[in-house]
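*Asks:* Quick check, what structure comes out for this input:
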Amino acid sequence: MILIQSPKVRSFIRFVVPFVVIPLIVLWGAVVFDRKKHIIISLAVAFFALLLFASGFERKSTGSRRLVIVAVMTALCFAGRFIPFLKPIAALTIITALYLGGEAGFLVGALSAVLSNFYFGQGPWTAFQMLAWGMIGFIAGILAEPLKRNRWLLLIYGAVSGVAYSMIMDIWTVMWYAEKFNFTLYKGALITALPYTLSYACSNVIFLFALAPSFGKKLGRIKKKYGV
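*Replies:* Got it, this is the predicted structure:
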């Protein structure tokens with residue numbers, strides 16, 4: 001992976017890639033690409049997620065160590081998708097971002113979606129899942145300090161993240177149904193998806209409450225010991 005040397009280039013990538021490039025790729029793929037070619041869009045999102053992750057390397061020596069931890073967290077997210085009803089993916093993505101940075105959080109969220117969908121089923125929705133979980137992690141990294149200090153604030157962020165995930169996925173639902181975005185249909189999709197939205201929010205709160213203290217201590221210890 002190429003190390004992004006210039007601080008200005010890193011700052012540019014950290015803003016443009018998650019907030020502009022990847023959302024445009026996801027929307028463009030849903031509108032323009034044949035649904036049989038959805039994997040191209042998913043791989044493009046994965047590439048830019050890796051580029052974003054590389055932009056977080058302040059020192060080259062820490063890159064491989066962070067990558068190992070990210071791989072472990074991604075594997076845990078993959079395994080977590082087999083848990084019925086409640087899924088810990090968003091919670092583990094948030095925890096990763098709190099201690100390793102938003103870039104690592106985005107990568108864990110994005111890779112968890114595309115890799116686990118090789119088992120659960122790839123489709124045009126994969127890129128939307130990558131974007132949703134990735135952004136949940138990235139924003140958690142931006143808000144890391146207040147979220148780590150206040151457990152209630154962390155749980156609120158988890159609940160809001162569940163709602164945001166459902167809202168992003170409902171964009172795909174409308175575009176799949178109407179082949180374009182329709183606000184009236186979108187409002188209907190949001191109402192119909194309320195039980196799922198509540199389950200996402202509750203799942204995030206439950207797993208953050210149960211896992212954040214123990215995982216946080218371990219990741220914090222690793223970060224300090226190895227200078228990640």
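*Asks:* give the contact list for the residue most central in space within the chain.
*Replies:* Centroid check for the chain by C-alpha atoms, centre = their mean gives residue 134 as the closest residue, at 2.0 Å. Residue 134 makes contact with 18, 22, 45, 49, 93, 105, 106, 107, 109, 110, according to C-beta atoms under 8 Å, 6 or more residues apart in numbering. Quick note: C-beta positions are derived from backbone N, CA and C, even for glycine.
*Asks:* where exactly do the helices run in the protein?
*Replies:* Assigned by DSSP state H, the helices in the chain fall at 7-16, 22-32, 38-55, 60-80, 89-100, 102-120, 125-142, 144-149, 151-178, 183-192, 194-226.
*Asks:* got the buried residues for the fourth one?
*Replies:* Of all the residues in helix 60-80, those buried under the rule 16 or more other C-beta atoms under 10 Å are 63, 65, 66, 67, 69, 70, 73, 74, 76, 77, 78, 80.
*Asks:* how close does the residue lying farthest from the centre of the chain get to residue 170?
*Replies:* Outermost residue of the chain with respect to the C-alpha centroid, by C-alpha atoms, centre = their mean, is residue 184; its distance is 27.3 Å. Residue 184 is 13 Å from residue 170, where distance means C-beta to C-beta, to the nearest Å.
*Asks:* With residue 118 instead?
*Replies:* For residue 118, the distance to residue 170 - C-beta to C-beta - is 24 Å.
*Asks:* now residue 95
*Replies:* 26 Å.
*Asks:* residue contacts, the residue nearest to residue 112 when sequence neighbours are not counted?
*Replies:* Nearest non-adjacent residue to residue 112, counting by C-beta to C-beta, 6 or more residues apart in numbering: residue 77, 3.7 Å away. Listed by C-beta under 8 Å, 6+ apart, the contact partners of residue 77 are 88, 89, 92, 93, 108, 109, 112, 116.
*Asks:* do you know how far the residue lying closest to residue 90 once chain neighbours are set aside is from residue 27?
*Replies:* Nearest in space to residue 90, with sequence neighbours left out and distances taken as C-beta to C-beta, 6+ apart, is residue 204 at 5.0 Å. Distance of residue 204 to residue 27, given as C-beta to C-beta: 25 Å.
*Asks:* out of those two, which sits in the busier spot?
*Replies:* Ranked by neighbour count (other C-beta atoms under 10 Å), residue 204 and residue 27 place residue 204 first, with 29 against 18.
*Asks:* between residue 118 and residue 170, who's got more neighbours?
*Replies:* Shown here are residue 118 and residue 170; by other C-beta under 10 Å, residue 170 has more neighbours (22 against 11).
*Asks:* List the contacts of the closest residue to that one other than its chain neighbours.
*Replies:* Spatial nearest neighbour of residue 170, excluding adjacent residues (C-beta to C-beta, 6+ apart): residue 189 at 4.2 Å. Residue 189 is in contact with 170, 173, 174, counting by C-beta under 8 Å, 6+ apart.
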